[in-house]
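1. My questions are about this predicted structure, shown below with the sequence.
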Amino acid sequence: MSEKNQTVKDLAKSAIEDPATLQELVDNLSGASRRMRQYSATCLGLVAKDNPALLVEHTGALIDALHRPEAQTRWECLDMLTLLVALDSRACEKAVPGAEAALFDEESGLVRLAAMRFLCRLAATTENRSDKLWSLIDEGIQCYHGDLEFQDMLVAVIDFSRGKISAATKQALADRMAFDAENGKGALKRRATQIIENVS
């Protein structure tokens, strides 16, 4: 597979049409070449946006790729797993340890944001999951308050607040956002207020 001969978009299109090409991209996620892992993850990300069902059987490989050293492969795979939650949430649960590590990645804000989006999407699927994952979401809200990615994290939390979450988690979320709803300004205040309204 030559990067020079095919653009990412062309290769993603080929992968959608040809299972062998798709499998090759998935296999590259565990390959020795950092550059090829990143390139393949980008291609697969486009596949996931177009037809996420094609990647359901490859969930395990995406989860395994959360342990690669480079940030891009990890955030691309977290974004794909976020899309797969709606199709196979049980399989995606196995990604929680990798997502937890990503949430506290010290070097990449994009990895932290992708992890928060994934955890919020998964936690919103059942009351039980909302209770199990709330402590991670809560810690993320506290740790990254004011960071560059925080406003985008709050968008994920807004989606979470609309999900199937338990009464206890709703209360804890409302309590966590109360200060920003009362004292915040601009987008922060609006988003915090919206979260509280969603769980009231």
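-> Nice, I can see it.
2. so who does the residue nearest to the spatial centre of the chain touch?
-> With distances taken as CA atoms, centre = their mean, F118 lies nearest the centre of the chain, 2.9 Å away. For F118, the contact set (CB atoms under 8 Å, 6 or more residues apart in numbering) comprises L78, D79, L81, T82, V85, C92, A95, A99. (Each C-beta comes from the backbone N, C-alpha and C, glycine too.)
3. next one: K189
-> D180, A181, N183.
4. rewinding a little: distance of the residue nearest to the centre of the chain from G31?
-> Using CB to CB, to the nearest Å, F118 is found at 23 Å from G31.
5. Equivalent analysis for E93, please.
-> For E93 relative to G31 (CB to CB), the value is 26 Å.
6. These two: which has the busier surroundings?
-> E93 (16 against 13; other CB atoms under 10 Å).
7. so what's that one up against?
-> L122, R129.
8. If we use 10 Å, what do you get?
-> I63, V85, L122, T125, R129, K132, L133 (CB atoms under 10 Å, 6 or more residues apart in numbering).
9. From those, pick the one nearest K49.
-> V85 (14.3 Å; CB to CB).
10. doesn't H58 make contact with Q23?
-> Yes - the pair Q23 / H58 is scored as a contact, 8.2 Å apart, by CB atoms under 10 Å.
11. leaving aside the residues next to it on the chain, what's closest to H58?
-> V26 (4.8 Å; CB to CB, 6 or more residues apart in numbering).
12. still on that earlier bit, quick one: which of the contacts of K189 has the most company?
-> D180 (20 neighbours).
13. Check whether it really touches Q151, as I assumed.
-> No - with contact defined as CB under 10 Å, D180 does not reach Q151; the gap is 11.3 Å.
14. between those two, what contacts are shared?
-> L188, R191.
15. ok so, going back, which is the next helix or strand following the host helix or strand of the residue nearest to the centre of the chain?
-> F118 belongs to helix 109-123 when assigned by DSSP states H and E. As assigned by DSSP H and E, the chain's next helix or strand after helix 109-123 is helix 127-143.
16. Would you mind writing the CA trace of that following helix as CSV?
-> Below are the C-alpha coordinates for helix 127-143, written out as CSV (Å, rounded to 0.1, in the frame of the first residue of the first chain):
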residue,chain,number,x,y,z
GLU,A,127,-28.3,4.0,33.9
ASN,A,128,-25.9,1.3,35.1
ARG,A,129,-23.1,2.6,32.8
SER,A,130,-23.8,6.2,33.8
ASP,A,131,-23.2,5.2,37.4
LYS,A,132,-20.0,3.2,36.6
LEU,A,133,-18.5,5.9,34.4
TRP,A,134,-19.6,9.1,36.2
SER,A,135,-16.5,9.3,38.4
LEU,A,136,-14.3,9.4,35.3
ILE,A,137,-16.5,12.0,33.6
ASP,A,138,-16.6,14.0,36.8
GLU,A,139,-12.8,13.9,37.2
GLY,A,140,-12.4,15.0,33.6
ILE,A,141,-14.7,18.0,34.2
GLN,A,142,-12.7,19.0,37.2
CYS,A,143,-9.2,18.4,35.8
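17. what's the angle from that helix to helix 109-123?
-> 150 degrees (axes from the mean of the first three to the mean of the last three CA atoms, to 10 degrees).
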